[in-house]
Every structure is written in structure tokens, then in C-alpha cells.
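*Asks:* coordinates for the following, if possible.
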Amino acid sequence: MEIHPCPKCNETMDEGWISPTGSGFLGYVSQKQTGMLKTVTKVNRARACPNCGYVEMYLDPKELKQRLP
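*Replies:* Residues are numbered from 1 along each chain as shown. You can find the predicted model right below:
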């Protein structure tokens, strides 16, 4: 596993995922999407700083670009 320093305090980030429901899935919906039905892009990776609480989330940019007008 790679070591990633926190951009806020330089502590080593912990890598995991976001799972508010326990299902392992959190989604992102761009405000640029039009129409009544919005498509969710799955957030598939996250990092959190155990020192200051800063959180980073990552998704597949190709998947997101397919959903944008």
C-alpha cells in the first residue's frame, strides 16, 4: 500500500472506503447532470487523516465523464 501524506497536516492518511449504510456504496451526483433522473457515480476509494480528520474520496473519472452533458 502506498503512503499518502495528509494535505492539511502531513500525517499519514488511512485508506478505506465510505459506507454510511454498511453496503460499501456511496455515490456522487454532479450538479451538471440535467433531467429528472440523475445517475450516481460510485465512490470507490477514500482516505482519512487520523490526526485532523481530513477526508478524500475518489471515483472513476471515465465513469463520471459518461454521465455529464
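*Asks:* quick check, central residue of the chain?
*Replies:* With distances taken as C-alpha atoms, centre = their mean, M57 lies nearest the centre of the chain, 2.4 Å away.
*Asks:* what sits up against the longest strand along the chain?
*Replies:* Secondary structure of the chain per DSSP state E: the longest strand is strand 41-48. Applying C-beta atoms under 8 Å, 6 or more residues apart in numbering, the external contacts of strand 41-48 come out as 4, 13-18, 25-30, 54-60, 63-64, 67. Where you see a C-beta, it was placed from the backbone N, CA and C, and this is true even at glycine.
*Asks:* ok, of those residues, which come out buried?
*Replies:* Among these, those classed as buried by 16 or more other C-beta atoms under 10 Å are M13, L26, L59, L64.
*Asks:* what are the boundaries of the helices in the chain?
*Replies:* 61-67 (DSSP state H).
*Asks:* so C52 sits right up against N10, yeah?
*Replies:* No: applying C-beta atoms under 8 Å as the test, C52 and N10 come out as separate, 9.6 Å apart.
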